[in-house]
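Student: build me a model from this:
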Amino acid sequence: MSALLSLSRLIDAISTGLGKLVMWLILAATAISAGNAIMRKAFSIGSNAYLEIQWYLFAAVFMLGVGYVMLKNAHVRIDFISTRLSKRTNAIIDAIGIVVFTIPLAAIMINLGWPVFYRAWMSGEMSQNAGGLIRWPVFLLVPLGFSLLIMQSVSELIKRVGFLTGHRAEPFTVEDDKTAEELLLEELAREAEARVSAVPAGKN
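Tutor: Got it, this is the predicted structure:
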């Protein structure tokens, strides 16, 4: 089990790195969108390539970030049900869902998406819009993104099994899962508590 948990940590590190890359893609998409709008309004200069690269980047954010979202346990859940269940029950449900639904669905999407990418790559398919971009990079995002989802699903399955077998204290990654606002509130609470403790008894 220790070897599997080490594999899980490696996968988590890869997903974390891709998650940080995706943040820069969001910035790039925003900058291109703003620049394109300024050039079009101010100088009447526009290009379909700028428009298409925006949705290429938008697609990349979703497909390359899917593993990071799963790592951070930020994917959609039915919270009013899951919060009423024990960690063990949630871990069992997660494990079943990963094996029965997530991995098979991702494998199907890879099987469907790969031929589309391959045909576009071999043919050099271009956008039908004047000045548009080559198509295969965005088509590649489908099998690549779902491959990343399978990879992170394996990591999450290892963690759930590790928890159920007593090899982990938590069924999912909890390190550094708090927002900056939550960490700031905790720090302020600790400082306030320390000041209260420092006041001598009987003084207000």
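
Student: contacts and neighbour counts: CA atoms only from here.
Tutor: OK.

Student: after the longest helix that the chain contains comes which helix or strand?
Tutor: With secondary structure taken from DSSP state H, the chain has its longest helix at helix 2-43. Following helix 2-43 in sequence order, the next helix or strand is helix 48-64 (DSSP states H and E).

Student: got the CA positions of that following helix in CSV?
Tutor: Coordinates of each C-alpha in helix 48-64 appear next as CSV, following Å, rounded to 0.1, in the frame of the first residue of the first chain:
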residue,chain,number,x,y,z
ASN,A,48,-10.3,35.4,-36.2
ALA,A,49,-7.1,33.9,-34.8
TYR,A,50,-7.4,36.0,-31.7
LEU,A,51,-11.0,35.0,-31.3
GLU,A,52,-10.2,31.3,-31.7
ILE,A,53,-7.2,31.3,-29.4
GLN,A,54,-9.5,32.6,-26.7
TRP,A,55,-11.7,29.5,-26.8
TYR,A,56,-8.7,27.3,-27.3
LEU,A,57,-7.4,28.6,-24.0
PHE,A,58,-10.8,28.4,-22.4
ALA,A,59,-11.0,24.7,-23.4
ALA,A,60,-7.5,24.1,-22.1
VAL,A,61,-8.4,25.6,-18.7
PHE,A,62,-11.3,23.1,-18.3
MET,A,63,-9.6,20.0,-19.8
LEU,A,64,-6.1,20.4,-18.2
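
Student: please renumber the chain so that the first residue is 243 from this point on.
Tutor: With 243 as the first residue, the last one maps to helix 290-306.

Student: tell me the pLDDT at the closest residue to residue 330 other than its chain neighbours?
Tutor: Leaving aside its sequence neighbours, residue 330 sits nearest to residue 406 (CA to CA, 6 or more residues apart in numbering; 6.7 Å). Residue 406 is assigned a pLDDT of 84 by the prediction.
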